[in-house]
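Colleague: I would like to see how this sequence folds:
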Amino acid sequence: MISIKTDAGSIRISSKVISAVAGGAVVGCYGVKGMAMRSDIDGLVHLLRKESVSKGVKVVFNQDNSVSLDLHIMVDTGVNMLAISRSIINEVRYVVSGTTGVEVKDINIFIDSVVID
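Modeller: All right, here's what the predicted structure looks like:
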């Protein structure tokens, strides 16, 4: 949990909130099929439903009151993975910082699968 002090008091933001905001920003990016999660049971990568996108995000709180994010995604076939990654990094940093007021220090993207339609 991260705490932000203001003139009116303090605000505490949990990792669940940050992961939900980040996951929502990711799935809105072009070329992203959805968030991914590796199953502990069978080891396979599964596409998460829209209401579960936060499970594809790992939030790490840093000493300087910033966060680092690990994003596990699935992309559409035929897209430029470097371009998608840059777009996701910019969008997630903008949305998370704008929505929560928390600085995003690092964003690591893991492309777990390419979906062929």
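Colleague: all contacts plus neighbour counts: C-alpha atoms, from now on.
Modeller: Fine.
Colleague: what's in contact with stretch 11-31?
Modeller: 1-5, 32-35, 53-59, 71, 75-76, 79, 84, 87-88, 91-92, 95-96, 99-100 (CA atoms under 8 Å, 6 or more residues apart in numbering).
Colleague: restricted to strands, list the residues you listed.
Modeller: When DSSP state E defines the strands, the subset of these inside them is 2-5, 32-35, 57-59, 71, 75-76.
Colleague: ok, longest helix in the chain?
Modeller: Assignment by DSSP state H gives helix 81-100 as the longest helix of the chain.
Colleague: and the angle from that one to strand 2-6?
Modeller: 50 degrees (axes from the mean of the first three to the mean of the last three CA atoms, to 10 degrees).
Colleague: what is the neighbour count of D112?
Modeller: A total of 19 residues lie near D112 under the criterion other CA atoms under 10 Å.
Colleague: and the ones in strands among the contacts of stretch 11-31, which two are the farthest apart?
Modeller: Comparing every pair within the ones in strands among the contacts of stretch 11-31 by CA to CA identifies K5 and D76 as the most remote, at 41.2 Å.
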